[in-house]
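>>> please find the sequence and the predicted model below.
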Amino acid sequence: MIKIYYLHRGDDVPFYIGYTKHLKNRLNDHRRKKGNEVEMIEIDECLEEDKKTIETMYIHLFKSWGFNLENCNTGGGGPSFHTKESIAKYKNWRKDKKPMLGKKQSKETRKRKSDALKGRPKPKGFGDMMREVRLGVPKPKGFGEKISQANKGKPSKKAKIVIQYDLQGNFIAKYPNTLEAAAKTNSNSSTISKVCRGIFSQTNGYKWSYGK
């Protein structure tokens, strides 16, 4: 696994984002170049093939928080020395390269990532960081329609059992969810749900309640 980290100079203020397989060796390398006061904080882990994408994500995130990073590019590797010539050479090489962000991963890659991360807790504050990254990012064209079509006619994973009664309160039947109840009684599933929640008293000549 690849470690994602940030550097600070003893004040916990990040000034550099990077990735490495060996944190201790990389820290020693940074201290030789940037001074012995440099400290390293690990913030995430990822697979080898995802390291450039994840580093880029964290650079954008930390810059959006107002940190003045010394990274001389937006992530994914760069020049070895921070000189104008090396930066220009890197930019010239990079200009025709396609960005890693948004690249579709194969099923094998997704499964390998899932297996590697299974059972491992997320770093502290990871959820807040991801929300910041995704804030304002538009969904792909047709995303909502695809989700709607995929879920059409399927009961929610949080579906509750519903019980049907006549208007006198006599038990008639039990259904696994409101969709099936609506289909069997020629009713509306949303209205059945409202009866169960006490918003309406009855619908289509029946009373309803949630069961166990």
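Nice, I can see it.

>>> could you use CA atoms for every contact and neighbour count after this?
OK.

>>> can you list contacts of stretch 7-25?
Residues outside stretch 7-25 that contact it (Cα atoms under 8 Å, 6 or more residues apart in numbering) are 1-6, 26, 37-41, 51, 55, 58-59, 67-71.

>>> how many residues are close by the residue nearest to residue 38 when sequence neighbours are not counted?
Distance criterion Cα to Cα, 6 or more residues apart in numbering; nearest residue to residue 38, sequence neighbours excluded, is residue 9 at 4.5 Å. When counting by other Cα atoms under 10 Å, one arrives at 15 neighbours for residue 9.

>>> and the gap between residue 9 and residue 41?
11 Å (Cα to Cα, to the nearest Å).

>>> which ones among the contacts of stretch 7-25 lie within helices?
26, 51, 55, 58-59 (DSSP state H).

>>> turn the residues you listed into a markdown table, columns for pLDDT and distance to residue 182.
Putting the ones in helices among the contacts of stretch 7-25 into a markdown table (pLDDT from 0 to 100; distance: Cα to Cα, whole Å) gives the following:
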| residue | pLDDT | distance to residue 182 |
| --- | --- | --- |
| 26 | 90 | 62 |
| 51 | 85 | 49 |
| 55 | 88 | 50 |
| 58 | 87 | 48 |
| 59 | 87 | 51 |
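
>>> rewinding a little: pull out the buried residues from the contacts of stretch 7-25.
2-6, 38-41, 51, 55, 58-59, 69 (16 or more other Cα atoms under 10 Å).

>>> okay, the residues you listed in a markdown table with distance to residue 210 next?
As requested, the buried ones among the contacts of stretch 7-25 are exported to a markdown table (distance: Cα to Cα, whole Å):
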| residue | distance to residue 210 |
| --- | --- |
| 2 | 49 |
| 3 | 48 |
| 4 | 48 |
| 5 | 49 |
| 6 | 51 |
| 38 | 60 |
| 39 | 56 |
| 40 | 54 |
| 41 | 50 |
| 51 | 48 |
| 55 | 48 |
| 58 | 45 |
| 59 | 49 |
| 69 | 55 |
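
>>> from those residues, pick the one nearest residue 186.
residue 58 (52.2 Å; Cα to Cα).

>>> contacting residues around that closest one?
residue 17.

>>> how near is it to residue 212?
From residue 58 to residue 212 the distance is 45 Å (Cα to Cα).

>>> could you do residue 30 as well?
60 Å.

>>> of those two, which one has the most company?
Of the pair residue 30 and residue 212, residue 30 is the one with more neighbours under other Cα under 10 Å, namely 16 against 7.

>>> with just CA atoms, put the strand or helix carrying residue 191 into PDB.
Residue 191 is part of helix 189-196, with elements assigned from DSSP states H and E. Taking Å, rounded to 0.1, in the frame of the first residue of the first chain, the C-alpha atoms of helix 189-196 are listed here in PDB:
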ATOM      1  CA  SER A 189     -47.500   3.300  -2.100                       C
ATOM      2  CA  SER A 190     -46.800   6.900  -1.000                       C
ATOM      3  CA  THR A 191     -50.300   7.400   0.400                       C
ATOM      4  CA  ILE A 192     -50.100   4.000   2.200                       C
ATOM      5  CA  SER A 193     -46.800   5.200   3.800                       C
ATOM      6  CA  LYS A 194     -48.600   8.500   4.900                       C
ATOM      7  CA  VAL A 195     -51.400   6.500   6.500                       C
ATOM      8  CA  CYS A 196     -48.800   4.400   8.400                       C
END
